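> Based on what follows, work out the 3D shape:
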Amino acid sequence: LTPTQISWHPKANTSAHHTNRCAHTELTLRRGQVFTITLSFNRPWQTGDNLAFVTEIGPAPSEAHHTKAIFNLSEAGAGGWTAVQGPSESGSMNFSISSPANAVIGRYKLSLQITSGNKVSSKFLGHFVLLFNPWCSGDDVHIANEDARQEYVLDENGIIFIGNANYIEARGWYYGQ
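Purely as a prediction, here's the structure:
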């Protein structure tokens, strides 16, 4: 069993993650929230085939430092990284993947570990960027008020104040998130 194609569903995922306005070429997601990918394979799924996803970040990923995770297909709501198989079509499989709300922020490598019989192989699927998530109540940066989230997270322009106690000046500012 070998993956032949991956769809990251960029429009649906970035819209759901409030990252569709980010100027980035790689998929940009928010931690603690589900994203969907679709994998096409070279042959149909057979009994004895097992899949596990691997996420890695940084120059020396390790499970002890929470910069590497290996996770099998599981039930939704389990702790840590999870992958749940969704409704699938012939020749392809849909997966919903979720990171923990306290996952390390940065550029991740996603791979698929395939076990068929007694043969284990790994296939690199691609990279994605993981950001903080003010929409997720489990994230330390959670902001409960939607208006505040819109202003503090999504607005690219605003006003900053500079100067000293005797002279304060307001300036327009481009935050460029």
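> Could you use CA atoms for every contact and neighbour count after this?
Fine.
> list the buried ones in the longest helix along the chain?
In the chain, ranked by residue count with DSSP state H as the criterion, the top helix is helix 10-16. Of all the residues in helix 10-16, those buried under the rule 16 or more other C-alpha atoms under 10 Å are 10, 13, 14.
> Now it: average pLDDT?
Averaged across helix 10-16, the pLDDT comes to 95.
> what residues does that helix touch?
20, 27, 28, 29, 35, 36 (C-alpha atoms under 8 Å, 6 or more residues apart in numbering).
> need the next SSE after it, C-terminal direction.
As assigned by DSSP states H and E, the chain's next helix or strand after helix 10-16 is strand 27-30.
> State the mean pLDDT of that following strand.
For strand 27-30, mean pLDDT is 96.
> Could you export it as PDB, CA atoms only?
Backbone C-alpha positions of strand 27-30 (Å, rounded to 0.1, in the frame of the first residue of the first chain) are rendered in PDB as follows:
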ATOM      1  CA  LEU A  27      -1.100  25.000   4.400                       C
ATOM      2  CA  THR A  28      -1.400  27.200   7.500                       C
ATOM      3  CA  LEU A  29      -3.500  25.700  10.300                       C
ATOM      4  CA  ARG A  30      -4.300  26.400  14.000                       C
END
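> and the residue lying closest to residue 102 once chain neighbours are set aside, how many neighbours does it have?
Of all residues not flanking residue 102 in the chain, residue 139 sits nearest, at 6.1 Å (C-alpha to C-alpha, 6 or more residues apart in numbering). Number of residues near residue 139 (other C-alpha atoms under 10 Å) recorded here: 18.
> again with the one 10 residues further on
Other residues within reach of residue 149 by the criterion other C-alpha under 10 Å amount to 15.
> Please apply the same query to residue 96.
Residues near residue 96, counting by other C-alpha under 10 Å, number 17.
> what sits against the most centrally placed residue in the chain?
Central residue of the chain (C-alpha atoms, centre = their mean): residue 29, 4.2 Å from the mean position. Taking C-alpha under 8 Å, 6+ apart as the contact definition, residue 29 lies against 13, 14, 17, 19, 35, 128, 129, 130, 131.
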